[in-house]
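A.B. asks: Pasting the sequence and the predicted model now:
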Amino acid sequence: MAYLSNTSPAVTIPRTIEAPLRAVAGNVKAGENLDHLLTSVAIHRDRQAFARLFELCSGKVYGLGMKIFRNEQQAKELVQDTMLTVWQKAPLFDSDKGSANTWIYAVARNRGFDMLRRRKAEPQCVSSDDIWPLGEAPEAEIHGHEVANDFLELRNLRGHLEELPVAQQEIVRMVYLEDKTHQEVAEELVIPLGTVKSRLRLAINKLRESIGGVQ
Amino acid sequence: MIAYHPTSQELLAFGSGTLTTGDSVAISAHLDYCTSCASKSGQLEAQSAQDWNNLPAQQDVDMDELAPILDTILSAPLPELPESSPTASSTAKVEVGGQQFELPAVLDRLAETGLNWHRLPGGVSLAKVKVDNENLCTFLYMKPGGKVAMHTHVGKETTLVIGGSFFDAAGEYGIGDLVRRGEEDTHTSQSNDGCLCFTVQDNPVVFTSGLSRLFNPLNKRLMRR
């Protein structure tokens, strides 16, 4: 994507956001709730949280861009591509699989890899997101609701259910017994959608194991 | 049991996005088979991300110049994310020589527009895929009893076994194995039960025995784009 700032409609940034942006970009302090910010962006589409993420990360992404391209314009383009992807794909972030910092780094690596490939005019038959998937969608591996419901009743799984870690139990109950969507569970528990999916997958795998490898 | 893996150095370079696209695809596919490399790769990536985070703040970046990008991003309409990504299905198959093989997602992406198979002597078929400008990437199929004639590697070659197995004088290779051949390496590869591989070569191989030498020009043609 081209660097669009010159053509974008003027939008006024609220003062509260503008002020820290003008400060020198400092290091992200160890664990400074990046995870919390990204989760808030993922679940609530929180623009304030995103502005803060942008403030904390864009300078780093710019640095990575300068390292890859040795060109300011392209480094800025990488900031735009990366932060746009972070904004759009935040729901794929899974806090069970890694930190927000690692996820944002992976996004920047992917966008940088694709920009470099476009510059080299490489064939576009495969993209960085195929090589390094940013988030999986494990539903394909999980039985549909009906099947899993029968499965719960039939195999008398309630006993086994109680052996699961509480966080997994909770999600299995909400999805299979209360019939909530993954999205509803994510919102209710205030955790990323990806986390709901991975916990559910772990729980189902464990349940399968505990009833003796029934697939 | 997977016996041949990328080195830690290669996994680190893979995670940093500094390998060629062809090598990155081969390692990504290996990670689909190999949970120990996948977890090692995840750790190395987290480490790279941490190093990135610990870098001193970029002195020459003017945040005023980056600020308009935030406006642009927040003023763009937000697309609906698909619930499941198209690469998530693991049922992709390729059929060759009457045998069916399951493909890892990243290789399925390369094969989905159709593979164009060329037959070579010895019960071997090749389908070239254009992945990048540095390598010759091919799907290579050996039928049961098939044999890639004695050849020498001019450059570096990486072979990932997708299905079946093959062997050479140095060993036997099964599904998920990532086999490396360096310069001046001369060998013959054979398969008893049929084998599908994905290979990445940074220079074409040179056949060194018998009539196969006739195919050297073909090999050069394959390399031309």
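C.D. replies: That came in fine, so what should we check first?

A.B. asks: for chain B, what helix or strand is lowest in average pLDDT?
C.D. replies: Taking mean pLDDT, DSSP states H and E as the measure, the helix or strand of chain B with the lowest value is helix B:216-223, at a mean of 47.

A.B. asks: so what's the residue positioned nearest the centre of chain B up against?
C.D. replies: Residue closest to the average C-alpha location in chain B (C-alpha atoms, centre = their mean): residue B:26, at 2.1 Å. Applying C-beta atoms under 8 Å, 6 or more residues apart in numbering or on different chains, we find residue B:26 in contact with B:158, B:160, B:178, B:198, B:200. In short, each C-beta sits where N, CA and C put it, glycine included.

A.B. asks: Then residue B:100?
C.D. replies: By C-beta under 8 Å, 6+ apart, the neighbours of residue B:100 are B:93, B:94.

A.B. asks: In the sheet, which strands lie alongside the helix or strand where it lies, parallel or antiparallel?
C.D. replies: Here residue B:100, judged by DSSP states H and E, is contained in strand B:99-102. Looking at strand B:99-102 with DSSP bridges, its partner strands are strand B:93-96 (antiparallel).

A.B. asks: So for the strand or helix carrying residue B:64, mean pLDDT?
C.D. replies: Using DSSP H and E, residue B:64 maps to helix B:63-75. Across helix B:63-75, the average pLDDT comes to 88.

A.B. asks: Which positions in that helix come out as buried?
C.D. replies: Of the residues in helix B:63-75, B:63, B:66, B:67, B:68, B:69, B:70, B:71, B:72, B:73, B:74 count as buried by neighbour count, 16 or more other C-beta atoms under 10 Å in any protein chain shown.

A.B. asks: From the contacts of residue B:26, pick the one nearest residue B:130.
C.D. replies: Nearest to residue B:130 out of the contacts of residue B:26 is residue B:200 (C-beta to C-beta; 12.3 Å).

A.B. asks: sec struct for residue A:43, please.
C.D. replies: Under DSSP: H, G, I helix; E, B strand; the rest coil, residue A:43 falls in the helix class.

A.B. asks: In contact with it, which residues?
C.D. replies: A:91, A:186, A:187, A:190, A:191, A:192, A:193.

A.B. asks: how about the helices in the chain?
C.D. replies: Went with chain A since none was named. Taking DSSP state H as the test, the helices found in chain A are A:15-22, A:34-44, A:47-69, A:72-89, A:100-119, A:128-131, A:145-154, A:158-161, A:166-172, A:182-189, A:193-210.

A.B. asks: right idea, wrong chain: chain B
C.D. replies: B:8-16, B:21-33, B:35-54, B:63-75, B:105-111, B:216-223.

A.B. asks: Residues touching stretch A:186-195, excluding its own?
C.D. replies: With C-beta under 8 Å, 6+ apart, stretch A:186-195 has contacts from A:38-39, A:42-43, A:90-97, A:135-136, A:170-171, A:174, A:180, A:182-183, A:196.

A.B. asks: one more time with 10 Å, if that's ok
C.D. replies: A:35-36, A:38-44, A:90-97, A:100, A:103, A:134-138, A:167, A:170-171, A:174, A:178, A:180-183, A:185, A:196-199, B:81, B:83 (C-beta atoms under 10 Å, 6 or more residues apart in numbering or on different chains).

A.B. asks: What remains of these if I keep only buried residues?
C.D. replies: Buried members of the contacts of stretch A:186-195, scored by 16+ other C-beta under 10 Å, are A:35, A:38-43, A:90-95, A:97, A:100, A:103, A:134-138, A:170-171, A:174, A:180, A:182, A:185, A:196-199.

A.B. asks: pLDDT weak spots in chain B?
C.D. replies: Applying pLDDT under 70 to chain B flags the ranges B:57-60, B:81-91, B:152-153, B:184, B:203-225.

A.B. asks: Name the residue most distant from the centre of it?
C.D. replies: Centroid-distance maximum for chain B: residue B:64 at 41.8 Å, with C-alpha atoms, centre = their mean.
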